[in-house]
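Q: The sequence isn't on hand, but the structure is:
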């Protein structure tokens, strides 16, 4: 192998190895939940989300450079966190830096930094991440101290670094998060100025999966009912009666006496009747 070709091959190998180590390092610091990828996201369960649009966002070109935001709204279980984590993973693999965190956890860290007079420096450290994913914004406690540090974070990243926020409530109910109406209006205005909004108003995917697991695929999604027992009544089979005890006279008329054969019934083996004893006059022939 010529020396120039050998050096080019070694340089390509070194560049590829550095890229691999950088991606591994960025994945560790991103703190993404495991198993949340674009391939495992059920787009058919959320028909209002365009897969082509999501794949275009995963490249990061155009919107991360300008500090645009992504906002995902919908009820619990609709796949907001899965979608956010999947986009974050694809961006890391494409060379961008991402941080995934619950909003309440980050707010607590910012409050501690404020008490230590290091809030501005802490927010500046977050600038190294091209995308900051704040999961479950609605679960932040409605407290002036908490919401104020959150508002400062949103204001500091406005048109500089991107945010992706998932929330259960639409903008009309964000007054439950920010106690001050003016702060609510200012935060919403900064977030939606350059934003792509996903409205994922679908049934909970976790609930639907649990119902299908319980009832089985292809069956109606409702609780199983216990099978009805058939109305079977037990019948008693009686053994046949002997001929002498069978009912042969349903009208219950008196039986005629047989003078020629008075003891015919006694000849039957199943009968228990005994021969009538003769009177004294009959034995003497009178």
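A: Received it, and whenever you're ready, just let me know what you need. Keep in mind that this is a model prediction, so the values were computed, not measured. Numbering: from 1, shown residues only.

Q: which regions of the protein lie under the pLDDT threshold?
A: Residues of the chain that meet the criterion pLDDT under 70 lie in 141-142, 216-286.

Q: Residue 96 versus the residue nearest the centre of it, what's the distance?
A: Closest to where the C-alpha atoms of the chain average out (Cα atoms, centre = their mean) is residue 206, at 0.6 Å. From residue 206 over to residue 96 the distance is 29 Å, taken as Cβ to Cβ, to the nearest Å. Where you see a C-beta, it was placed from the backbone N, CA and C, and this is true even at glycine.

Q: what's the answer for residue 82, then?
A: The separation that residue 82 has from residue 96, given Cβ to Cβ, amounts to 19 Å.

Q: Strands along the stretch 101-250 of the chain, start to end?
A: Under the criterion DSSP state E, counting those that start in this stretch, the stretch 101-250 of the chain carries strands at the ranges 131-135, 162-167, 195-199.

Q: Let me have those in JSON lines, extended by distance to residue 9 and mean neighbour count.
A: Putting these into JSON lines (distance: least, Cβ to Cβ, whole Å; neighbours: other Cβ atoms under 10 Å) gives the following:
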{"stretch": "strand 131-135", "distance to residue 9": "35", "mean neighbour count": "24"}
{"stretch": "strand 162-167", "distance to residue 9": "37", "mean neighbour count": "24"}
{"stretch": "strand 195-199", "distance to residue 9": "42", "mean neighbour count": "16"}
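
Q: Make TSV out of these and add distance to residue 70.
A: Shown next, in TSV, are the strands of the stretch 101-250 of the chain (distance: least, Cβ to Cβ, whole Å):
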stretch	distance to residue 70
strand 131-135	8
strand 162-167	4
strand 195-199	5
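
Q: Residue 56: which of the ones you listed is closest?
A: Within these, the stretch nearest residue 56 is strand 195-199; the backing value is 10.1 Å (Cβ to Cβ).

Q: partners of the closest one, with directions?
A: The strands beside strand 195-199 in its sheet (DSSP bridges) come out as strand 69-73 (parallel).

Q: what sits up against the strand it pairs with?
A: For strand 69-73, the external contacting residues (Cβ atoms under 8 Å, 6 or more residues apart in numbering) are 57, 80, 83-84, 87, 162-170, 191-192, 194-201.

Q: picking that back up, tell me which of the strands of the stretch 101-250 of the chain lies nearest to residue 108.
A: strand 131-135 (12.9 Å).

Q: now for that closest one, which elements pack on it?
A: helix 80-93, strand 98-102, helix 103-115, strand 162-167 (3 or more Cβ pairs under 8 Å, 6 or more residues apart in numbering; DSSP states H and E).

Q: so the first one versus strand 131-135, what angle?
A: Helix 80-93 runs at 160 degrees relative to strand 131-135, counting by axes from the mean of the first three to the mean of the last three Cα atoms, to 10 degrees.

Q: What are the buried residues along helix 80-93?
A: 80-92 (16 or more other Cβ atoms under 10 Å).

Q: With distance to residue 70 added, can I get these in JSON lines?
A: Formatted as JSON lines, the buried residues of helix 80-93 follow (distance: Cβ to Cβ, whole Å):
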{"residue": "80", "distance to residue 70": "11"}
{"residue": "81", "distance to residue 70": "13"}
{"residue": "82", "distance to residue 70": "14"}
{"residue": "83", "distance to residue 70": "9"}
{"residue": "84", "distance to residue 70": "8"}
{"residue": "85", "distance to residue 70": "12"}
{"residue": "86", "distance to residue 70": "12"}
{"residue": "87", "distance to residue 70": "7"}
{"residue": "88", "distance to residue 70": "10"}
{"residue": "89", "distance to residue 70": "14"}
{"residue": "90", "distance to residue 70": "13"}
{"residue": "91", "distance to residue 70": "11"}
{"residue": "92", "distance to residue 70": "15"}
